[in-house]
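Q: with the sequence up front, the predicted model follows.
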Amino acid sequence: MATSLSSVIHITFLDTKTTQRRFITPSKSHRKFLVNSSKSTPDTPLTPISDNKKNSSLSDQLASLANTTLSTVPEDQPEILSKPNPTWVNPTKAKRPMLSQQKQKRSSVSYNPQLREFQQFAQRLNNCDLSNEEEFMACLEEIPTTSLSRVNVLLVLNSLRPWQKTYKFLNWIKSKDLIPMETIFYNVTMKSLRFGRQFGIIEELALQMIDNGIEMDNITYSTIISCAKKCNLFDKAVHWFEKMYKMGLMPDEVTFSVILDVYARLGKVEEVVSLFERGRATGWKPDPITFSVLGKMFGEAGDYDGIRYVLQEMKSLGVQPNLVVYNTLLEAMGKAGKPGFARSLFEEMVDSGIAPNEKTLTAVIKIYGKARWSKDALELWKRMKENGWPMDFMLYNTLLSMCADVGLLEEAETLFKDMKQSEYCKPDSWSYTAMLNIYGSEGDVVKAIKLFEEMCKLGIELNVMGCTCLIQCLGKAMEINDLVKVFNIYVDRGVKPDDRLCGCLLSIVSLSQGSKDQEKVLGCLQRANPKLVAFIQLIADEETSFETVKEEFKSIMSNAVVEVRRPFCNCLIDICRNKDLLKRAHELLYLGTLYGFYPTLHNKTQYEWCLDVRTLSVGAALTALEEWMATLAKIVKRDEALPDLLLAQTGTGAHKFAHGLNISFASHLRKLAAPFRQSEDKVGCFIATKEDLVSWVESNSPSEFVAT
């Protein structure tokens, strides 16, 4: 019965004795407003959820209007369920519920005196060789068709394994046409097919049911939808869910949770929130698994407000998160970039008496490592040992990677030693790789080589990442002979060089001083990427035209992964400068800028122009400085407008092992006699005023130093 109205406005209420909710807006991209109401009279106004009017519910805002336009609801009147976001609803037409509040019951199987006989037939069919089609069909023909009944057919269908036999038996029953085909026959067969992930056959049976006029019930649709999800056919799951709803069938709670997960995996956040709230409006109480699905979805989207929405919903319903939910939410916090909130959530979990597992601890360590919270990560590791929390390969390796990221050498060595002494978590290939990364960053050639020899002796699998770390370490120390030896061992053992390893070798070529060492490294690069070596020879020839360089440069970069394109360009510019090919270096910088490798190189505002070389190598940064100074000199000579302030930023490097460009950059500024001075407030920032620049251009000859 609909509430009588004295106004054109229609508002539906949900009895808070059944459900009382507080919906938090997940984010700006999916705002949902629900009526949060209670059986109130003018004498008993609605209690606001929060004292903050900005966050008050829609029902609070409309309370005064409701008290004057709505009649009092009698105590014995049945509750009126509503969907969220109601606008206007025909009061004479009943609303459809969103999901069935009861799971579908299986049909009972009555006793049959021939039960034992058909049990034996089912056993014989199961014992048949699946690959022997004739044996299976011969066994089927022995079944007394005169005794076939609904109960006996169900008995055999439920007993057959694997799915191929169930499917063949169903087809055999249909071919005999002795008993009418029923929905339950198809349902049992579909469940067996679902176990075998045979969605194609399941969909074929469903279409047969439609064509033959056999009714499809909730179990049929639920089986189809859940199988589609198992097979990662999410579009198919959505298709059959929508078809189910159009047919007037309401999904049970299990199917509803499945379809929520499907929409979440498809990234359809709006649909998930809408379905969730509509289900909640019908009195459905989600389980922890559903909240885990929501948390994972918002985490994938990096939506912090959405994660808070999940936590608020759980709290309002009194649902206690289990370990799976906490793990999902912690991973979501990591993707949303909220280490502080993740730490609080972890402590809340521990305080509630839930012991973390390996997955929990790995997620938290990854979050701390990404945020560079080395102190928190090491404190957590100490708690793991004190409390006897479980450790596995993934957790150990995550800790080692975190130590490598923030340069914690001693802690990493202690961890690695613990792994060696562990009975179940001996170091694997990635553990050794993390240590090679640390020693390589430290430039400790002795320990790096010793670790590599240990890997070879123990038969630890070599990988391209470990090779890159070791080659980089040896290259910085200019141990070229050892570098060549290590590279050849890796390649001979089947390690295929990737673009990052090629970039590492190219960087060493740019740093090599002697021609012999450079040739040795180029020999390694020839095995890894012959086209790159050919391009180096091409640009070294001053007779090569710019158009030829441009075409070959485009080909090289198109075949390289995005992450290495800028480093490739940086190294090639460095190689040109080392060979005093300044014109070619400027051409390569132009091409790198043209193809978008340096999108933040120049930043301009009305009052300030900035040259940002923080993503460039030393040679590329000096080349960019020369280009910029030449351009500024031309602007001054043409008497064009200039900003009041000019900046050049080299940065200092946030990583422990990173080296800033400011020393080389400052030296080159002095060489050019440029009017830039080091900022007193910010290291790695050089400043010049418009007046200083104009005076410099007028009193010097910039073209003498700057390539035009």
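A: In hand now; what should we look at? Here the structure is a predicted model, which means the values were calculated and not measured.
Q: for the protein, longest helix please?
A: Once the chain is assigned using DSSP state H, the helix that runs over the most residues is helix 618-637.
Q: contact partners of the following helix or strand past that one?
A: As assigned by DSSP states H and E, the chain's next helix or strand after helix 618-637 is strand 645-649. Residues from elsewhere that reach strand 645-649, judged by Cβ atoms under 8 Å, 6 or more residues apart in numbering: 607-614, 625, 628, 632, 665, 669, 676, 684-690, 693. Every C-beta, even on glycine, is put in place using the N, C-alpha and C of the backbone.
Q: tell me the angle of the next helix or strand after strand 645-649 relative to strand 645-649?
A: Using DSSP H and E, the helix or strand that follows strand 645-649 towards the C-terminus is helix 662-672. With axes from the mean of the first three to the mean of the last three Cα atoms, to 10 degrees applied, the angle from helix 662-672 to strand 645-649 works out at 130 degrees.
Q: what mean pLDDT does helix 662-672 get?
A: For helix 662-672, mean pLDDT rounds to 86.
Q: which strands and helices sit next to it?
A: On a contact count with 3 or more Cβ pairs under 8 Å, 6 or more residues apart in numbering; DSSP states H and E, helix 662-672 meets helix 618-637, strand 685-689.
Q: the following helix or strand past that helix pairs with which strands?
A: Sequence order places strand 677-678 as the next helix or strand after helix 662-672, per DSSP H and E. Here strand 677-678 is paired, per DSSP bridges, with strand 685-689 (antiparallel).
Q: show residues contacting the strand it pairs with.
A: Contacts with strand 685-689, where a contact means Cβ under 8 Å, 6+ apart, come from 644-650, 665-666, 669, 674-679.
Q: returning to that earlier point: winner for burial among the helices and strands packed on helix 662-672?
A: Ranked by mean neighbour count, those are led by helix 618-637 with a mean of 21 (mean count of other Cβ atoms under 10 Å).
Q: can you give me the mean pLDDT across that helix?
A: Mean predicted confidence for helix 618-637 is 92.
Q: dump that helix to PDB, keeping only the CA atoms.
A: These are the backbone C-alpha positions of helix 618-637, laid out as PDB (Å, rounded to 0.1, in the frame of the first residue of the first chain):
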ATOM      1  CA  VAL A 618      74.400  15.200 -18.100                       C
ATOM      2  CA  GLY A 619      75.200  15.400 -21.800                       C
ATOM      3  CA  ALA A 620      71.500  15.900 -22.800                       C
ATOM      4  CA  ALA A 621      71.000  18.500 -20.000                       C
ATOM      5  CA  LEU A 622      74.000  20.500 -21.300                       C
ATOM      6  CA  THR A 623      72.700  20.300 -24.800                       C
ATOM      7  CA  ALA A 624      69.300  21.500 -23.700                       C
ATOM      8  CA  LEU A 625      71.000  24.400 -21.800                       C
ATOM      9  CA  GLU A 626      72.800  25.400 -25.000                       C
ATOM     10  CA  GLU A 627      69.700  25.300 -27.000                       C
ATOM     11  CA  TRP A 628      67.800  27.400 -24.400                       C
ATOM     12  CA  MET A 629      70.500  30.000 -24.100                       C
ATOM     13  CA  ALA A 630      70.700  30.400 -27.900                       C
ATOM     14  CA  THR A 631      66.900  30.800 -28.100                       C
ATOM     15  CA  LEU A 632      66.900  33.400 -25.300                       C
ATOM     16  CA  ALA A 633      69.700  35.300 -27.000                       C
ATOM     17  CA  LYS A 634      67.600  35.500 -30.200                       C
ATOM     18  CA  ILE A 635      64.500  36.700 -28.300                       C
ATOM     19  CA  VAL A 636      66.600  39.500 -26.700                       C
ATOM     20  CA  LYS A 637      68.100  40.500 -30.000                       C
END
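Q: against which helices or strands is that helix packed?
A: Short answer (3+ Cβ pairs under 8 Å, 6+ apart): helix 618-637 packs on helix 562-578, helix 582-594, strand 608-612, strand 645-649, helix 662-672, helix 690-699.
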